[in-house]
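Chemist: Structure for the following, please:
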Amino acid sequence: MIELSVNNFRANLKSFVDKVIDEHQAIRVKRRTGRDFIVISAEDWDREQETLYVLRNSSLMKQIAESEVMYKNSAGYKPTGREMDKINYPFHLRF
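Modeler: Reported below is the predicted structural model:
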């Protein structure tokens with residue numbers, strides 16, 4: 001994470017905002033009062049919120065744990081090669 005002063009952030013706002021968006025690099029802006037803040041892109045914010053939702057949802061976490069056990073035990077549904085091609089190359093192959 002990049003850390004910089006509020007004055008430096010203000011003076012170079014556009015370049016820092018572009019970095020946040022293009023490189024998914026969070027920035028901690030430090031203030032003399034000690035009341036710092038973090039700048040992240042809307043895309044990163046949405047992704048973080050989705051992750052937090054899943055982590056707070058016990059039934060989803062249970063499904064993930066069960067899926068992990070099935071994967072480790074090589075159990076569960078196994079797609080055919082053709083189905084895998086459709087998953088991996090949905091726009092390149094026409095069936």
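
Chemist: switch to C-alpha atoms for all contacts and neighbour counts from now on
Modeler: Fine.

Chemist: Got the domain ranges for this protein?
Modeler: Domains of the chain are assigned by automatic domain parsing as 2-41, 57-88.

Chemist: Nearest to Thr51 among those would be which one?
Modeler: domain 57-88 (10.0 Å; C-alpha to C-alpha).

Chemist: Check the separation of the first and last residues in the closest one.
Modeler: 29 Å (C-alpha to C-alpha, to the nearest Å).

Chemist: can you map out the strands along the chain?
Modeler: 2-5, 27-30, 37-39 (DSSP state E).

Chemist: which one of the domains of the chain has the lowest average pLDDT?
Modeler: Lowest mean pLDDT within the domains of the chain: domain 57-88, a mean of 90.

Chemist: how distant is that one from the center of its chain?
Modeler: From the chain centre to the centre of domain 57-88 is a distance of 20 Å (C-alpha atoms, centre = their mean, to the nearest Å).

Chemist: One more: stretch 49-69?
Modeler: Distance of stretch 49-69 from the chain centroid (C-alpha atoms, centre = their mean) equals 15 Å.

Chemist: gap between the two ends of that stretch?
Modeler: Start-to-end span of stretch 49-69 (C-alpha to C-alpha) is 26 Å.

Chemist: List of residues touching that stretch?
Modeler: Stretch 49-69 has contacts (C-alpha atoms under 8 Å, 6 or more residues apart in numbering) with no other residue.

Chemist: give me the number of residues near the residue lying closest to Gly76 once chain neighbours are set aside?
Modeler: Spatial nearest neighbour of Gly76, excluding adjacent residues (C-alpha to C-alpha, 6 or more residues apart in numbering): Met70 at 6.2 Å. As a burial measure, Met70 scores 13 neighbours (other C-alpha atoms under 10 Å).

Chemist: Do a quick rundown of the helices in this protein.
Modeler: 6-11, 13-23, 42-56, 58-72, 81-88 (DSSP state H).

Chemist: who wins for proximity to Asp36 among those?
Modeler: Comparing those under C-alpha to C-alpha, the one sitting nearest is helix 6-11, at 8.7 Å.
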